[in-house]
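> using only what follows, build the 3D model:
(2 chains)
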Amino acid sequence: EVQLVESGGGLVQPGRSLKLSCLASGFTFSNYGMNWIRQAPGKGLEWVASISSSSSYIYYADTVKGRFTISRDNAKNTLYLQMTSLRSEDTALYYCARKVLQSYYFDYWGQGVMVTVSS
Amino acid sequence: DIRMTQSPASLSASLGETVNIECLASEDIYSDLAWYQQKPGKSPQLLIYNANSLQNGVPSRFSGSGSGTQYSLKINSLQSEDVATYFCQQYNNYPWTFGGGTKLELK
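As a prediction, this is how the structure comes out:
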């Protein structure tokens, strides 16, 4: 069974940093591109960042480019999102999501981890 | 960026009814469209991909159609477990973008 379990969220002050993790199991992690997608409270979905299976290709939404860094450790089956210079508008539930092999839609999602940016 | 506009934003329907949700892309996305269902307090689940392909395990009362810029999700014979918010997503062009969502409630 495919499982994606996020961790590392919490309350953080504006301008500070936070690192999210997503532990994957139930599939060959190193074969799949992975993504972070967020959802502000009561709002819709916003794709944040993508990383290919071997980390060769990385993409970011303009809203986080230069502040967030996506990475992965295939030996540990873990996806990361390093978030710096956090803003109140980054407050959201952050989902880790697996993309299908040949395209850019998402077939498995984690349960999400909440990040609250507030003083 | 490709803008995805869903309608209606909310919808109330009765059990057994047929429901249609629309998704309009700001440019041609060549059927690179997925639909997701998000039940209250849960993460999104993939229903449809490539505009009209049903994801494994999804009930056959769900179907997708459309081409070009106009797409729709149809739910036949609405069940109580279909109460959820539905999102469309285009993956034709980076950045991947989602519609604003359609909240489906029971009448």
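
> which parts of chain B are strands?
Ranges of strands in chain B, per DSSP state E, are B:4-7, B:10-13, B:19-25, B:33-38, B:45-49, B:53-54, B:62-67, B:70-75, B:84-90, B:97-98, B:102-106.

> can you get me a residue count around residue 65?
In the absence of a named chain, this looks at chain A. Each residue near A:Lys65 was counted by other CB atoms under 10 Å in any protein chain shown, and the total is 10. Just so you know, the C-beta spots here come from the backbone N, C-alpha and C atoms, and that holds for glycine as well.

> actually chain B
Look at B:Ser65: counted by other CB under 10 Å, it has 14 neighbours.

> spatially central residue for the chain, please.
With no chain named, the answer covers chain A. A:Trp36 (2.7 Å; CA atoms, centre = their mean).

> the intended chain is chain B.
For chain B, the residue nearest the mean C-alpha position is B:Trp35 (3.9 Å; CA atoms, centre = their mean).

> returning to what we had before: element containing the residue nearest to the centre of chain A, please.
Here A:Trp36, judged by DSSP states H and E, is contained in strand A:34-39.

> who touches the helix or strand that that strand is followed by?
Once the chain leaves strand A:34-39, the next helix or strand it forms, by DSSP H and E, is strand A:45-51. If you take CB atoms under 8 Å, 6 or more residues apart in numbering or on different chains as the criterion, strand A:45-51 is touched by A:33-40, A:57-61, A:63-64, A:68, A:70-72, A:79, A:81, A:92, A:94, A:99, A:104, B:36, B:44, B:87, B:89, B:95-98, B:101.

> can you turn the buried part of the residues you listed into a ChimeraX selection?
Per 16 or more other CB atoms under 10 Å in any protein chain shown, the buried members of the contacts of strand A:45-51 correspond to this ChimeraX selection:
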select /A:33,34,35,36,37,38,39,59,60,61,64,68,70,72,79,81,92,94,99,104 /B:36,44,87,89,95,96,97,98,101
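
> so B:Pro40 touches B:Glu81, yeah?
No. With contact defined as CB atoms under 8 Å, B:Pro40 does not count as touching B:Glu81 (11.6 Å).

> leaving out chain neighbours, which residue sits closest to residue 90?
Just so you know, I chose chain A. A:Val117 (5.2 Å; CB to CB, 6 or more residues apart in numbering or on different chains).

> try chain B instead
Per CB to CB, 6+ apart, closest to B:Gln90 is B:Ile29, 4.6 Å.

> in contact with the one you found, which residues?
So B:Ile29 contacts B:Ile2, B:Gly68, B:Thr69, B:Gln90, B:Asn92, B:Asn93 (CB under 8 Å, 6+ apart).
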